[in-house]
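1. Provide a 3D model corresponding to the input given below.
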Amino acid sequence: MIHLTKNTAFIDQYGRQKRKLRISVTDRCNFKCSYCMPEHPEWIKKHKLLSFEALYQFCKFMVEHGIEQIRITGGEPLMRQGVVHFIAQLQNLKPFGLKRISMTTNGHYLSQYALSLKQAGLDDLNVSLDSLDEQQFKQLTQKSIKPVLAGIAEAQLVGLKVKINCVLIKHCNENQILPLVHWAKHHHIELRFIEFMPLDGDQRWSTTQVVTEQEILSELTTEFKKIDMVNQAHEPARRYIVDGTVIGIISTISHSFCHQCDRLRLTAQGDFYNCLFAEKGLNIKSLLEKLDEHNPEILDLEKQLYYAIWFKEKGFSEIYSKSKSNLRKISMHMLGG
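-> Numbers count the residues shown, from 1 in each chain. Have a look, this model is predicted:
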């Protein structure tokens, strides 16, 4: 039985305490990566998006219940007007236990926003970069790579801590493993490879498309003789030091880290997900739109979230085995990374 007390941390039935929250501020994106975006997306109407005021109240509520890190995602979060101000507003939660504010972006608008993000207090930034080859990058995203590379350079220039995310898909961009490692080493930047997961927009995912952690490491050993694994802690990536450069591998398919998952997610239209792969979310939009600390709805929200989190599945394999048809209507562009 779950006993509710003020400021009780969120813990699921397997004893995993939740410390990280991902907030999607928009489903819209100017890229069309196949592993994320369906061919014909139906955008959420702007008036149906949660306001930043409601998102802030939710973040405050979550920090009071043990959330230490908040990541702003999309879609592409820099496409939503007001996101920089939202990040600045979140600084008010630092005295109450919030330790880190992050963002995941495709980098296209980063040159324009890097300085203001730094000034707003953003602690770190993940940029998606699935290929260094200009033609291949355009095939993957339908956009030019030049603004992304310029944005990464500007972010580093203003002092933002940057990590690079690369989703690898077999027979597509696995030839980028070594070029990206050399590029990351040259630019003194942390690189993370991500196994292709069943979150693609048109639900065509197959295990045959996954470039596994072992395959990545095997490719790395063709050029690098010294590869040392370091402590994973509560991060999703298993981290390696490759010739002095930190390389992470998020191996959800071949080496799941679900046993230590401490993440929760909220979509831009107010659907709460206790897991990236959950079949459906809990819609709390109406509660969030009238949420404040003096409102009785806060108790209803607290109770609903405790139960939603308590019954979080043990892991990805259990969820996927129950729904092999993978008929979930939400894809990565709506849920965030």
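
2. show me the helices in the protein, by range?
-> Read by DSSP state H, the chain holds these helices, from start to end of the chain: 52-63, 83-90, 110-120, 134-141, 146-157, 177-187, 213-220, 285-288, 297-310, 316-322, 332-335.

3. TSV for those, including distance to H40?
-> Heads up, the C-betas are built off the backbone N, CA and C, glycines and all. As requested, the helices of the chain are arranged in TSV below (distance: least, Cβ to Cβ, whole Å):
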stretch	distance to H40
helix 52-63	28
helix 83-90	26
helix 110-120	27
helix 134-141	17
helix 146-157	24
helix 177-187	30
helix 213-220	32
helix 285-288	25
helix 297-310	31
helix 316-322	25
helix 332-335	12
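
4. of those, which stretch is the most buried?
-> Scoring those by mean neighbour count under mean count of other Cβ atoms under 10 Å gives helix 332-335 as the most buried, with a mean of 26.

5. for the stretch 151-300 of the chain, just list every one of the strands.
-> Taking DSSP state E, counting those that start in this stretch as the criterion, the stretch 151-300 of the chain contains strands spanning 161-168, 190-195, 227-230, 238-242, 245-250, 263-266, 271-273, 282-283.

6. pipe the ones you listed into JSON lines and attach mean neighbour count per row.
-> Below are the strands of the stretch 151-300 of the chain laid out as JSON lines (neighbours: other Cβ atoms under 10 Å):
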{"stretch": "strand 161-168", "mean neighbour count": "21"}
{"stretch": "strand 190-195", "mean neighbour count": "22"}
{"stretch": "strand 227-230", "mean neighbour count": "11"}
{"stretch": "strand 238-242", "mean neighbour count": "18"}
{"stretch": "strand 245-250", "mean neighbour count": "21"}
{"stretch": "strand 263-266", "mean neighbour count": "23"}
{"stretch": "strand 271-273", "mean neighbour count": "22"}
{"stretch": "strand 282-283", "mean neighbour count": "16"}
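
7. is it possible to get JSON lines of these that adds mean pLDDT and distance to Q57?
-> Putting the strands of the stretch 151-300 of the chain into JSON lines (pLDDT from 0 to 100; distance: least, Cβ to Cβ, whole Å) gives the following:
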{"stretch": "strand 161-168", "mean pLDDT": "97", "distance to Q57": "28"}
{"stretch": "strand 190-195", "mean pLDDT": "96", "distance to Q57": "32"}
{"stretch": "strand 227-230", "mean pLDDT": "91", "distance to Q57": "38"}
{"stretch": "strand 238-242", "mean pLDDT": "93", "distance to Q57": "35"}
{"stretch": "strand 245-250", "mean pLDDT": "93", "distance to Q57": "31"}
{"stretch": "strand 263-266", "mean pLDDT": "96", "distance to Q57": "12"}
{"stretch": "strand 271-273", "mean pLDDT": "96", "distance to Q57": "14"}
{"stretch": "strand 282-283", "mean pLDDT": "95", "distance to Q57": "16"}
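
8. between the ones you listed, which one is nearest to F86?
-> strand 263-266 (13.2 Å; Cβ to Cβ).

9. thinking again about what came up before, where among the helices of the chain is average confidence lowest?
-> Here the helices of the chain differ in mean pLDDT, and the lowest is helix 316-322 at a mean of 63.

10. before we move on, the earlier item: turn the strands of the stretch 151-300 of the chain into CSV, columns for distance to I70.
-> Output for those, formatted as CSV (distance: least, Cβ to Cβ, whole Å):
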stretch, distance to I70
strand 161-168, 15
strand 190-195, 19
strand 227-230, 25
strand 238-242, 22
strand 245-250, 19
strand 263-266, 10
strand 271-273, 14
strand 282-283, 19
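
11. those strands: which one's closest to N175?
-> Taking Cβ to Cβ, strand 161-168 is the member of the strands of the stretch 151-300 of the chain nearest to N175, at 9.8 Å.

12. so what's the gap between that closest one and the chain middle?
-> From the chain centre to the centre of strand 161-168 is a distance of 11 Å (Cα atoms, centre = their mean, to the nearest Å).

13. just to revisit the earlier point, and R22, which of the strands of the stretch 151-300 of the chain is closest to it?
-> Nearest of these to R22, taken as Cβ to Cβ: strand 263-266 at 4.6 Å.

14. what sits up against that closest one?
-> Counting by Cβ atoms under 8 Å, 6 or more residues apart in numbering, the neighbours of strand 263-266 from elsewhere in the structure are 10, 18, 20-24, 50, 55, 58, 62, 67, 272-274, 276, 309, 335-336.

15. switch the cut-off to 7 Å
-> 18, 20-24, 58, 272-274, 276, 309, 335-336 (Cβ atoms under 7 Å, 6 or more residues apart in numbering).

16. what does stretch 123-134 contact?
-> Outside stretch 123-134, the residues that touch it by Cβ under 7 Å, 6+ apart are 100-107, 110, 137, 140, 145, 148, 152, 155, 160-167, 173, 176, 179-180, 183.

17. now it: buried residues?
-> Within stretch 123-134, the residues that qualify as buried by neighbour count (16 or more other Cβ atoms under 10 Å) are D123, D124, L125, N126, V127, S128, L129, D130, S131, L132.
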